[in-house]
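[1] Show me how the following folds:
(chains A and B)
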Amino acid sequence: MKRQSIISARGLSIGYPKTKGRSTSVLYEDMSFDLYSGELTCLLGSNGAGKSTLLRTLTALQSPLKGSVILNGKPIIQYSEQEVSMLIGLVLTDKTASGGLTVSELVALGRYPYTGFFGRLSKHDDAIINKAMSDVCIIHKRDEYIAELSDGERQKVMIAKALAQECPIIILDEPTAFLDIVNRIEITNLLHNLAVSQNKTILLSTHDIELALTLSDQLWLLSRNKGLTCGVTEDIIFSDSIDQFLGNSQISFDKHSGSFVTKHQAKRDINLIAEGELYYWAKNFLQRNGFSISENTDATLSLKVISASEIEVVKDGSTYSTSSFGELKILLSQL
Amino acid sequence: MKTNPKITTTYIFLIIAGIILLFFANLFIGSVKIPFDAIIDILLGNGATKKSWEHIVLEVRFPQAVTALFTGAGIAVSGLLLQTAFRNPLADSSILGISAGASLGVAVVIMLFGGVIGNSVGFSFSASMTVVVGAFIGAGLILLIIMGFASIVRNNIMLLIIGIMVGYLTSSVISLLKYWSTSEQVFSYVMWGMGDFSGVSMQQLPFFCAIVTLGLIMSILLIKPLNALLLGERYAANLGVNIKQVRFLLLFCAGILTAVTTAYCGPISFIGLAVPHIARLVLGTTNHKSLLPMTILVGTFMALLCNLISVIPGSAGLIPLNAITPIFGAPVIIYVIVNQKKIQYFN
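    Numbering: from 1, shown residues only, chains lettered A, B, ... in the order given. Sure thing, here's the model as predicted:
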């Protein structure tokens, strides 16, 4: 079964056209991609890779250099501003001057394309605004000023605004950039649920790789050297693309943990015996301190972690005990 | 900084009552002492014992009060439009150099072509039109320059500084014009520059009010995009706002209001800058649906109050308006800047 994509592009070139004193700067050539409804897609790329340029081109805020972005079977530049505003909702990192608006007033701005000349809201509009606020769990603060909200709550309000816009597509530029970990997880979770429950097409750019890997259905990787690659998250992981697109000589992607790790200059082999979280953190400790974990049980050095306060080191047949990782560090440096 | 709708209604009621009170105070109090009953008689159309009293109340004080009413509303709204358009709470037509542009236009008309303003003898409709057109061309020219810079310079503070610089450049041209002019022309220009609401005669009043009303109606039609612009241009564009068009309309509207009021009353400082802040502080909201009407009310109130104060010396003459407006305006701006962390519309 072939899925119908809602936004697609074939042979798209993006970048900046020639201006006075500057020649055309092409960021990417011959890009192809599809976005599907009901899915959360994360766009990953290092700083300066051109994520924002790609998002701007996708949302018709910037024209492509070659080719076109096809939205529902028609090039996006053929849509009027108002038509686009009903199809694509944006959430940006821009600083707004909206501190003096209440939550419901800001979300009501999402109805802008639908209301008349004076922006009067109908009962139907009010119902949509209320639903948008409850969908992002911010309705209890509906009469509070934006100035009184936390960064995470503000981001939710902007997402509610995009929902009130009733767009099948929502595009977010680093929605979790200024948030703490709890809010990052909450917002990303929320977006994934919205994609599934309301059949929205959601594309977001992020630096939060671990979260993207857990929650996104599709991954888009962008790198100046390799271009754009798209695919289902797990396919991307097993194709080793993540390392090639985002890693470098010092940092590499670890498939076991789903995160980036520093490539350590390991000096000594060690055999590690531990279970579960103890294994994970003992390994973390050893790698950071210049050891490489060896499967070889005959290694001269062996570490057995029974609990966080019972750690044994075996070297040349003799056993040394310590009661913390702090002591272990001193012990290992002496052995 | 929460405001309760009930308190807001009370404020609005108080301000409207204050405007009515001040309007009549402007009719009753002036540099010539006229008995209370006589004024009541004149207002009721019963005539007065002295013909000159009738003239003073109906031909001088009445148009002056009406001019203050409309000018206050007009420049306050132009300040609000510029503050939202540039997303800068310190923008207004005098800081961005637009008033200076209007002044330049007026200076050219007075000093190069010998036009006259105000109640001077022989001031015909066409002559007053020349001054208005001069002010409008001057204001428009500076607006175009500022808009040009606005498309290059993204930083609003930098843009504000450019506005101040353009204002200085304009002033230097005005200084040159003054240097080459006769002393009567310079005096006429200096008097105009001090600002007063007596420049509109009864004959010109309908024309003046019509233009200001037109500008105010236009600003009311822009309420919806003004609110969207609070989110910044990229968000507004995503909501379907035609940014270029709305920006042009906003600046055009602010330009008309500045030009017409400046042409007749001189470059009046601080009302455009401070009144939108007073309105925001009173309301607590930046939603233009209530902020714009409130700005009109507060602007009207302030202008009538300043006009009333200007006649305090009695027979000794008038205090220039631009000596009074900073007394109210400057403390408001200082308060706003000092307390900006606590004021929600900054956050």
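[2] Can you find the helix or strand in chain B with the smallest mean pLDDT?
    Among the helices and strands of chain B, helix B:113 carries the lowest confidence by mean pLDDT, DSSP states H and E, at a mean of 73.
[3] Just list what the helix or strand following that one packs against, helices and strands only.
    Next along the chain after helix B:113, taking DSSP states H and E as the criterion, comes helix B:125-152. With contacts defined as 3 or more C-beta pairs under 8 Å, 6 or more residues apart in numbering or on different chains; DSSP states H and E, the packing partners of helix B:125-152 are helix B:98-107, helix B:156-179, helix B:205-221, helix B:243-265. Just so you know, the C-beta spots here come from the backbone N, C-alpha and C atoms, and that holds for glycine as well.
[4] just how off-centre is the longest one within its chain?
    What that stands for is helix B:156-179. 19 Å (C-alpha atoms, centre = their mean, to the nearest Å).
[5] Just the buried positions in it, please.
    B:Leu159, B:Leu160, B:Ile162, B:Gly163, B:Val166, B:Gly167, B:Thr170, B:Ile174, B:Leu177 (16 or more other C-beta atoms under 10 Å in any protein chain shown).
[6] ditto for the last one
    Neighbour-count burial for helix B:243-265, with 16+ other C-beta under 10 Å as criterion, is recorded at B:246-247, B:249-251, B:253-265.
[7] Just the CA trace of that helix, in CSV.
    Output in CSV follows, covering the C-alpha atoms of helix B:243-265 (Å, rounded to 0.1, in the frame of the first residue of the first chain):
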residue,chain,number,x,y,z
ILE,B,243,3.0,42.1,6.1
LYS,B,244,4.2,44.5,3.5
GLN,B,245,0.7,45.9,2.9
VAL,B,246,-0.2,46.1,6.6
ARG,B,247,3.1,47.8,7.4
PHE,B,248,2.5,50.3,4.7
LEU,B,249,-1.1,51.0,5.9
LEU,B,250,0.1,51.4,9.5
LEU,B,251,2.8,53.8,8.6
PHE,B,252,0.6,55.7,6.2
CYS,B,253,-2.1,56.1,8.9
ALA,B,254,0.4,57.2,11.5
GLY,B,255,1.9,59.5,8.9
ILE,B,256,-1.4,61.2,8.1
LEU,B,257,-2.3,61.6,11.8
THR,B,258,1.1,63.1,12.5
ALA,B,259,1.2,65.3,9.5
VAL,B,260,-2.2,66.9,9.9
THR,B,261,-1.9,67.5,13.6
THR,B,262,1.7,68.8,13.3
ALA,B,263,0.7,71.1,10.5
TYR,B,264,-1.9,72.9,12.6
CYS,B,265,-0.7,72.5,16.1
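[8] wait, does it make contact with chain A?
    No: using C-beta under 8 Å from any C-beta of the partner chain, we find that helix B:243-265 stays clear of chain A, coming within 9.1 Å at best.
[9] Give me the phi and psi for A:Leu71.
    phi -110, psi 120 (degrees, to the nearest 10).
[10] right, and it touches A:Ile77 too?
    No: assessed by C-beta atoms under 8 Å, A:Leu71 is found out of contact with A:Ile77, at 9.6 Å.
[11] The two: which is more packed in?
    A:Leu71 (26 against 12; other C-beta atoms under 10 Å in any protein chain shown).
[12] Where does the nearest residue in space to the more buried one that is not next to it in sequence sit: helix, strand or coil?
    Closest residue to A:Leu71 apart from its sequence neighbours, by C-beta to C-beta, 6 or more residues apart in numbering or on different chains: A:Ile7 at 5.4 Å. Three-state call for A:Ile7 (DSSP: H, G, I helix; E, B strand; the rest coil): strand.
[13] same thing with A:Asp34?
    strand.
[14] ok, now which ones touch it?
    Residues near A:Asp34 by C-beta atoms under 8 Å, 6 or more residues apart in numbering or on different chains: A:Ser5, A:Ile7, A:Ser8, A:Cys230.
[15] So which of the residues you listed is surrounded by the most neighbours?
    Of all those, the highest neighbour tally under other C-beta under 10 Å goes to A:Ile7, namely 24 neighbours.
[16] Next, the contact list for whatever residue of the stretch 151-300 of chain A ends up closest to chain B, please.
    In the stretch 151-300 of chain A, the residue that lies nearest chain B is A:Gln165 (7.3 Å; C-beta to the nearest C-beta). Contacts for A:Gln165 were tallied using C-beta under 8 Å, 6+ apart; they are A:Ser85, A:Met86, A:Gly89, A:Gly110, A:Arg111, A:Tyr112, A:Pro113, B:Leu239.
[17] B:Val32 too?
    B:Trp53, B:Ile56, B:Ser315.
[18] Which among the residues you listed count as buried?
    B:Trp53, B:Ile56.
[19] mind checking pLDDT for residue 262?
    Just going to use chain A. With respect to pLDDT, A:Thr262 scores 76.
[20] hmm, I had chain B in mind actually
    For B:Thr262, the model assigns a pLDDT of 89.
[21] Just confirm it contacts B:Ala135, I think it does.
    Yes: using C-beta under 8 Å, B:Thr262 is in contact with B:Ala135, at 5.3 Å.
[22] anything in contact with each of these two?
    B:Ala102, B:Ser103, B:Val106.
[23] Among the residues you listed, which one has the most neighbours?
    Comparing the shared contacts of B:Thr262 and B:Ala135 on neighbour count, B:Ala102 comes out first with 34 neighbours (neighbours: other C-beta under 10 Å).
[24] what about it, distance to B:Gly193?
    11 Å (C-beta to C-beta, to the nearest Å).
[25] which residues do these two both contact?
    Shared contacts of B:Ala102 and B:Gly193, defined by C-beta under 8 Å, 6+ apart, are found at B:Pro267.
[26] of all the helices and strands packed on helix B:125-152, which lies closest to A:Lys283?
    helix B:156-179 (51.2 Å; C-beta to C-beta).
[27] Let me know the angle separating whichever helix or strand comes after the closest one from helix B:98-107.
    Heading C-terminal from helix B:156-179, the first helix or strand you meet, by DSSP H and E, is helix B:183-193. Angle, helix B:183-193 to helix B:98-107, by axes from the mean of the first three to the mean of the last three C-alpha atoms, to 10 degrees: 150 degrees.
[28] any idea what sits nearest residue 65, other than its immediate chain neighbours?
    You didn't pick a chain, so chain A it is. Using C-beta to C-beta, 6+ apart, the closest residue to A:Leu65 is A:Ser13 (4.2 Å).
[29] try again with chain B
    Excluding its sequence neighbours, the residue lying closest to B:Ala65 (C-beta to C-beta, 6+ apart) is B:Asn26, at 3.9 Å.
[30] Now do the same contact list for that neighbour.
    By C-beta under 8 Å, 6+ apart, B:Asn26 lies in contact with B:Arg61, B:Gln64, B:Ala65, B:Ala68, B:Leu304, B:Asn307, B:Leu308.
[31] What are the structural domain limits within chain A?
    A:5-251, A:268-334 (automatic domain parsing).
[32] Give me whichever of those is most buried.
    Greatest average neighbour count among those goes to domain A:5-251 (a mean of 18), per mean count of other C-beta atoms under 10 Å in any protein chain shown.
[33] Low-confidence ranges, the chain, go.
    The chain I'm using is chain A. For chain A, the stretches flagged by pLDDT under 70 are A:1-2, A:264-266, A:298-299.
[34] I was thinking of chain B, sorry if that wasn't clear
    B:1-5, B:114-128, B:154, B:156, B:347.
[35] Spatially central residue in it, please.
    Nearest to the geometric centre of chain B sits B:Ile75, at 2.5 Å (C-alpha atoms, centre = their mean).
[36] just so I know, which of the domains of chain A lies nearest B:Ile152?
    Using C-beta to C-beta, the nearest of the domains of chain A to B:Ile152 is domain A:5-251, at 11.9 Å.
[37] Start and end of the closest one, how far apart?
    Using C-alpha to C-alpha, to the nearest Å, one end of domain A:5-251 lies 35 Å from the other.
[38] now it, how far from the chain's geometric center?
    Taking mean C-alpha positions (C-alpha atoms, centre = their mean), domain A:5-251 and its chain are 11 Å apart.
[39] next one: phi and psi at A:Glu29?
    Here A:Glu29 shows phi and psi, under degrees, to the nearest 10, equal to phi -120, psi 150.
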